[in-house]
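1. got a predicted structure here, sequence first:
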2 protein chains.
Amino acid sequence: MAAGQPQPSMRSVERAFDVIEVLEQSDKPMRLSNVARRAGLSPATTLRLLGVLQRRGFVVAEQQAYHLGPATLAAAHSFLVTDSLSRAATPVLQELAATTGLTATLHIRSGLERIVIARVDGADPLRYQLPIGQRLPLHLGAGKVLAAAMPEEELEALMSAVRDLSTAGGKSVSEADLRAELALIRERGYHVSADERVVGSSGVSAPVPRPDGQVMATVGISGPAERHPESEMLSIVPELLRAAAALGRARDL
Amino acid sequence: MAAGQPQPSMRSVERAFDVIEVLEQSDKPMRLSNVARRAGLSPATTLRLLGVLQRRGFVVAEQQAYHLGPATLAAAHSFLVTDSLSRAATPVLQELAATTGLTATLHIRSGLERIVIARVDGADPLRYQLPIGQRLPLHLGAGKVLAAAMPEEELEALMSAVRDLSTAGGKSVSEADLRAELALIRERGYHVSADERVVGSSGVSAPVPRPDGQVMATVGISGPAERHPESEMLSIVPELLRAAAALGRARDL
DNA sequence: AAAGCCTTTTCACACAGTGAAAAGCATTGG
DNA sequence: CCAATGCTTTTCACTGTGTGAAAAGGCTTT
């Protein structure tokens, strides 16, 4: 395996993660019946799975409302300490943030989404949430850099998984539009965005290449659009590409 | 269920989490055979489990070395956003840290360990690692506050799980010693420690009660021992207890 | 008090998950 | 350069695990 997709099923294990995903998507604790419905499982099975997850600390039940538990944090901690990209991220992002005054972010692709792995805020006071660990789409903003590197098969899966491709700015986007943009990104090696995922925010992102050529991560810079015109974003590109290359080299300790 | 321990087994799911735990404990990527050995599973089964975990993003394989993946971060993010204690933690810890100048920490018990859920550094430059998500023992430092609240059965499990009860300072501790200390903590409602888990570090911790009386979390304050004598730690106790009560009340939004 | 919905338990069956063993690969050393 | 060792991956037939329907037991709601 190590990269294969022949499916030795493991149904019950798969279902356990379905439950985790359901709980992850909810922003508040869920009742059993609700979890079961969302995960497409019978209440009996769901109860059993939640029982195991609970004993393992991945789920916490407050009376009868379930949500994810502290063991998720312990696992995440291990990931951050072990993963070579994560470990390399902080200093690189810090330098980017320091020299540009903007917010620097590292995303890793996971399935048909991307996850915020690290982030360093620049001088600009545009700080929403502490978004480390947040799942974000692949078809908006920095996500496009990752989408541009996907094999056709997965790209199709993405297209059919996403109902509405239009941006937060309200611009409607067809599949053809998106594909054209991805081609452009592949050609140029970076992507400049504005008002895509967040209105009023613009940024530049570049792919972080792995030794084998695969692209599973992006580095990006972003900030409030009015204060930072596209020209400024473009001027950062060389430095961004240097940072991306540095991160790419970091995979072996 | 919701608090029960009748064991509807789910062997394969349980094993999946055994694998996660094994990977979590290792600070570097592991090979298949190694994971299998540590988890006590056959290579075939281990491979299948890793396959599922990989597809779910909970495990990443770099060539043939496995470690935890970015999906753990996404789950942790959801936990931090959803869990009422975590959400309440930051402001409370900030105030504690600000008024005392020390580091304030919140732990939650998970199984026979505790996990660092939130932490705010005080003025003192005693900052090792970014330890959020770290697993720490229940028999040292703030952990004792949690151990003191455990039902006898679980306490016994803890005692037999921990081989060596002695502190980092080198003081050897018998089971009777520990039990006596736990009784004292139950009586007083807080615990002052020095050189227990980390040499040169001392602190005070208090239990965070839940409405049902259960104690599954601790708030604590800690700093370098020479600069902060026990008397100073004791003077903080009232404020600490107030913080603990505030956190206890926070469980319902 | 009855109706409705939720959680939890029980049970018999089917097939998902299993490990032994074989087949492929890589690495090491003579 | 080939043999030997140790790892990963595949295959396969058996068995016990995981399964959902249905019943039983709790809450709320009206």
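-> Arrived safely.

2. what's the helix or strand for residue A:114?
-> Taking DSSP states H and E as the definition, residue A:114 sits inside strand A:113-120.

3. after that strand comes which helix or strand?
-> Tracing the chain C-terminally past strand A:113-120 and defining elements by DSSP H and E, one meets strand A:135-137 next.

4. do that next one and chain B meet?
-> Yes: Strand A:135-137 lies in contact with chain B when judged by Cβ under 8 Å from any Cβ of the partner chain; the contacting residues are residue A:135. From N, CA and C alone the C-beta is placed, and that goes for glycine too.

5. for the residue in chain A that DNA strand D sits nearest to, give its distance to DNA strand C.
-> Ranked by Cβ to the nearest atom of the strand, the top residue of chain A for proximity to DNA strand D is residue A:45, at 3.2 Å. With distances taken as Cβ to the nearest atom of the strand, to the nearest Å, residue A:45 is found 9 Å from DNA strand C.

6. flag every residue of the stretch 51-200 of chain A that's near DNA strand C.
-> Counting by Cβ under 7 Å from any atom of the strand, the stretch 51-200 of chain A comes close to DNA strand C at residue A:64.

7. quick one: low-confidence ranges for the stretch 51-200 of chain A?
-> Judged by pLDDT under 70, the stretch 51-200 of chain A has its weakly predicted residues at A:124-130.

8. please redo it, this time with the cut-off set to 90
-> Judged against pLDDT under 90, the low-scoring parts of the stretch 51-200 of chain A cover residues A:62-64, A:121-131, A:163.

9. can you give me the end-to-end span of stretch A:222-235?
-> Looking at stretch A:222-235, the gap from its leading to its trailing residue is 13 Å under the measure Cα to Cα, to the nearest Å.

10. what about it, average pLDDT?
-> Average pLDDT, stretch A:222-235: 90.

11. can you point out the buried residues in that stretch?
-> Judged by neighbour count (16 or more other Cβ atoms under 10 Å in any protein chain shown), stretch A:222-235 contains these buried residues: A:222, A:223, A:225, A:228, A:233.

12. can you redo those as a markdown table with distance to residue A:167?
-> Supplementary listing: the buried residues of stretch A:222-235 in a markdown table, determined by distance: Cβ to Cβ, whole Å:
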| residue | distance to residue A:167 |
| --- | --- |
| A:222 | 15 |
| A:223 | 18 |
| A:225 | 13 |
| A:228 | 18 |
| A:233 | 16 |
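
13. closest one to residue B:33 out of those, please.
-> Minimum separation from residue B:33 among these (Cβ to Cβ) is found for residue A:222, which lies at 43.3 Å.

14. surely that closest one and residue A:201 touch.
-> Yes: under the criterion of Cβ atoms under 8 Å, residue A:222 is in contact with residue A:201, at a separation of 5.7 Å.

15. and the helix ranked longest in chain A, how far out from the chain middle?
-> The single longest helix within chain A, with elements called by DSSP state H, is helix A:230-249. Between the mean C-alpha point of helix A:230-249 and the mean C-alpha point of its chain there is a distance of 19 Å (Cα atoms, centre = their mean, to the nearest Å).

16. if I look at the residue of chain A positioned farthest from its centre, what pLDDT would I see?
-> For chain A, the largest distance from the centre (Cα atoms, centre = their mean) belongs to residue A:44, which lies 32.7 Å off. At residue A:44 the predicted local confidence, pLDDT, stands at 93.

17. and the longest helix of chain A, anywhere near chain B?
-> No: with Cβ under 8 Å from any Cβ as the criterion, chain B is not reached by helix A:230-249; the gap is at least 13.3 Å.

18. likewise stretch A:139-156?
-> No: under the criterion of Cβ under 8 Å from any Cβ, stretch A:139-156 makes no contact with chain B; the nearest approach is 12.1 Å.

19. just the buried residues of that stretch, please?
-> Applying a neighbour-count criterion of 16+ other Cβ under 10 Å, the buried positions in stretch A:139-156 are A:139-150, A:155.

20. what's the span of that stretch, first residue to last?
-> End-to-end distance for stretch A:139-156, by Cα to Cα: 12 Å.

21. neighbouring contacts of that stretch?
-> In this structure, residues lying in contact with stretch A:139-156 by Cβ atoms under 8 Å, 6 or more residues apart in numbering or on different chains are A:105, A:107, A:109, A:112, A:114, A:136-138, A:158, A:162, A:165, A:167-168, A:173, A:178, A:181-183, A:185-186, A:190-191, A:193, A:196-198, A:203, A:205-207, A:214-218, A:220, A:222.

22. residue A:168 sits in which helix or strand?
-> For residue A:168, there is no enclosing helix or strand under DSSP H and E.

23. need the contact list for whichever residue of the stretch 101-250 of chain A sits closest to DNA strand C.
-> Closest approach of the stretch 101-250 of chain A to DNA strand C (Cβ to the nearest atom of the strand) occurs at residue A:212, with a separation of 14.0 Å. With contacts defined as Cβ under 8 Å, 6+ apart, residue A:212 has no neighbours.

24. and it, which of the three is it?
-> coil (DSSP: H, G, I helix; E, B strand; the rest coil).

25. and what of the one 5 residues further on?
-> What three-state DSSP gives for residue A:217 is strand.

26. for the closest residue to residue A:30 other than its chain neighbours, grab phi and psi.
-> The spatially closest residue to residue A:30, leaving aside those adjacent along the chain, is residue A:66, at 5.6 Å (Cβ to Cβ, 6 or more residues apart in numbering or on different chains). Phi and psi for residue A:66, reported as degrees, to the nearest 10, are phi -100, psi 140.

27. residue A:66 is in contact with residue A:51, isn't it?
-> No: Residue A:66 sits out of contact with residue A:51 when judged by Cβ under 8 Å, with a separation of 10.5 Å.

28. among these two, which residue is more densely surrounded?
-> Shown here are residue A:66 and residue A:51; by other Cβ atoms under 10 Å in any protein chain shown, residue A:66 has more neighbours (26 against 22).

29. care to break chain A down by domain?
-> Taking automatic domain parsing as the domain assignment, the record places the domains of chain A at A:8-71, A:83-250.

30. for the first one, the distance to its chain's centre please.
-> In terms of Cα atoms, centre = their mean, the gap separating the centre of domain A:8-71 from the centre of its chain is 22 Å.

31. picking that back up, output the contacting helices and strands for the strand holding residue A:114.
-> When contacts are defined as 3 or more Cβ pairs under 8 Å, 6 or more residues apart in numbering or on different chains; DSSP states H and E, strand A:113-120 packs onto helix A:84-100, strand A:103-110, strand A:135-137, helix B:71-82.

32. now the stretch 151-253 of chain A against chain B: closest residue?
-> Proximity to chain B, evaluated over the stretch 151-253 of chain A using Cβ to the nearest Cβ, is greatest for residue A:251 at 7.2 Å.
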